[in-house]
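Student: Following is a predicted model, sequence given first.
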Amino acid sequence: MISFEVKALDKQSNARAGVLSTDHGDIETPIFMPVGTIGTVKGVHQKELDEVIKAQIILGNTYHMYLRPGMEVLEGAGGIHKFINWTKPILTDSGGYQVYSLSQKRKIKEEGATFSSHIDGSKHLFTPENVMDIQRSLGADIIMAFDECTPYPCEKRYATRSMHMTHRWLERCLTAFDQSEPKYDYEQTLAPIVQGSVYPDLRKQSAEYISKKDRLINAIGGLSVGEPHEDLYAMTELCCGILPECRARYLMGVGLPENILECIGLGIDMFDCVLPSRNARHGLLYTSNGVIHIKNLKWKNDFSPIDSESSVETSRTHSKAYLRHLFQVKELLAGQLATLHNLGFYLWLVTEARKQILNGSFGTWKDALIPKLQTKL
């Protein structure tokens, strides 16, 4: 049984602490979901995801898993949980963002999106119906509606046309989902996505439309695609003011630590982003005291821990000088340790935010922490 319950509201903001329950376990919100695009969070073993980072849910990508290893393999394994040996909840996106990012290799029309594989150039068609079928076969606990993610900047005429098509696609997704059954022995839930670029009237219209579908989770998409942070916050605040309070709110693809805290304060419950893992592989570390570029010469003889306050043991026991050395010699362990650190920090951030919400002090804590998070060390 999948359900969502708000447990506490912050006294100083619109932040809330909740519990999203699935057949693979409960998720305490606000939550950050590490991105496991191709069935793995790059460089991180599932045991580490569970025991070191303490991830409660991870995200997989429909587009990439559809192409490789393919649906025959995934169905043969009994779904994505068994294939990757992950017993906790999983969310899969619909592939809409990848279709957006393949702007030179795809064509969007009412039927769906035709695209060329980035692997071998083969042609494929994603429709609202077959994306529901694919995600039923993948077997994630939370699956996303098929939508079009508009770029930034985007002319209002295009944003309007795209939003209405996303709504029509949603109706087809809902019909296909509601008329089908899970392929495995647990429940799935479908989340619609609010679109509308950075136009307040479109966001309002889309949020109202999605709210009427009365789904357990409502997502906000089409942000964090290059727009100023002020627009990100304005559109998020507008949507949170419309989307039902008793339903989970998922802000897709966001973001920097300070973005996450600000948007928790606006009423968001769920986040995902590739930044912590991608940037880790390039030597950029997030800490509660600021951002570290570990490849810089200044860390060569710094034998203090990577982050003495980290929830990740390796960040407390390995020095900055050692991690810099690993990057300098191109040792694979460098990216692994940095990824463990960054994801651990993001999970610490949302866990601490939850504690502050339960204490009624989130707003004050957030305002004091954000300037530190933005400091370049």
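Tutor: All right, it came through fine. Numbering: from 1, shown residues only.
Student: When you work out contacts or count neighbours from here on, use the C-alpha atoms and nothing else.
Tutor: Noted.
Student: and the gap between E75 and N61?
Tutor: From E75 across to N61, the span is 16 Å (C-alpha to C-alpha, to the nearest Å).
Student: let me redo that: R161
Tutor: Going from R161 to N61 by C-alpha to C-alpha gives 26 Å.
Student: Pull stretch 280-296 out as PDB, backbone CA atoms only.
Tutor: This file holds the C-alpha atoms of stretch 280-296, laid out as PDB (Å, rounded to 0.1, in the frame of the first residue of the first chain):
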ATOM      1  CA  ALA A 280      32.100  14.800  -7.200                       C
ATOM      2  CA  ARG A 281      33.800  13.000 -10.100                       C
ATOM      3  CA  HIS A 282      35.300  16.400 -11.100                       C
ATOM      4  CA  GLY A 283      36.600  17.100  -7.500                       C
ATOM      5  CA  LEU A 284      33.900  19.500  -6.300                       C
ATOM      6  CA  LEU A 285      32.800  18.800  -2.800                       C
ATOM      7  CA  TYR A 286      29.800  20.200  -0.900                       C
ATOM      8  CA  THR A 287      30.200  20.600   2.900                       C
ATOM      9  CA  SER A 288      28.300  22.400   5.700                       C
ATOM     10  CA  ASN A 289      31.100  25.100   5.600                       C
ATOM     11  CA  GLY A 290      31.100  25.700   1.900                       C
ATOM     12  CA  VAL A 291      32.300  24.300  -1.400                       C
ATOM     13  CA  ILE A 292      35.700  22.700  -1.800                       C
ATOM     14  CA  HIS A 293      37.600  22.300  -5.200                       C
ATOM     15  CA  ILE A 294      39.800  19.500  -4.000                       C
ATOM     16  CA  LYS A 295      42.100  19.600  -7.000                       C
ATOM     17  CA  ASN A 296      43.300  23.000  -6.000                       C
END
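Student: Could you number the chain from 56 rather than 1 from now on?
Tutor: In the new numbering, first residue 56, that becomes stretch 335-351.
Student: Which residues does that stretch contact?
Tutor: By C-alpha atoms under 8 Å, 6 or more residues apart in numbering, the residues outside stretch 335-351 that reach it are 312, 331, 334, 362, 365, 375, 378-379, 382-383, 389-391, 393-394, 396-397, 400, 424, 427-432.
Student: And stretch 376-395, by the same measure?
Tutor: Outside stretch 376-395, the residues that touch it by C-alpha under 8 Å, 6+ apart are 98-99, 107-108, 331-333, 335-340, 349-351, 354-359, 361, 367, 369-370.
Student: Just the C-alphas of that stretch, formatted as PDB.
Tutor: Only the C-alpha atoms of stretch 376-395 are listed here, as PDB (Å, rounded to 0.1, in the frame of the first residue of the first chain):
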ATOM      1  CA  ALA A 376      45.600  16.000   0.900                       C
ATOM      2  CA  TYR A 377      45.000  12.300   0.300                       C
ATOM      3  CA  LEU A 378      41.900  12.900  -1.800                       C
ATOM      4  CA  ARG A 379      43.600  15.500  -3.800                       C
ATOM      5  CA  HIS A 380      46.500  13.100  -4.400                       C
ATOM      6  CA  LEU A 381      44.000  10.400  -5.700                       C
ATOM      7  CA  PHE A 382      42.600  12.900  -8.200                       C
ATOM      8  CA  GLN A 383      46.100  14.000  -9.300                       C
ATOM      9  CA  VAL A 384      47.100  10.400 -10.100                       C
ATOM     10  CA  LYS A 385      43.700   9.700 -11.600                       C
ATOM     11  CA  GLU A 386      42.900   6.900  -9.200                       C
ATOM     12  CA  LEU A 387      39.400   5.500  -9.500                       C
ATOM     13  CA  LEU A 388      39.000   5.700  -5.700                       C
ATOM     14  CA  ALA A 389      39.000   9.500  -6.000                       C
ATOM     15  CA  GLY A 390      35.700   9.700  -7.700                       C
ATOM     16  CA  GLN A 391      34.200   7.000  -5.400                       C
ATOM     17  CA  LEU A 392      35.200   8.700  -2.100                       C
ATOM     18  CA  ALA A 393      34.100  12.100  -3.400                       C
ATOM     19  CA  THR A 394      30.700  10.700  -4.500                       C
ATOM     20  CA  LEU A 395      30.200   9.000  -1.200                       C
END
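Student: Could I get the buried residue list for it?
Tutor: 376-382, 389-395 (16 or more other C-alpha atoms under 10 Å).
Student: do stretch 118-127 as well
Tutor: Buried residues in stretch 118-127 (16+ other C-alpha under 10 Å): Y118, H119, M120, Y121, L122, M126.
Student: In strands, which of the residues you listed fall?
Tutor: Using DSSP state E, no member of these falls in strands.
Student: quick one: which of those is nearest L229?
Tutor: Y118 (19.4 Å; C-alpha to C-alpha).
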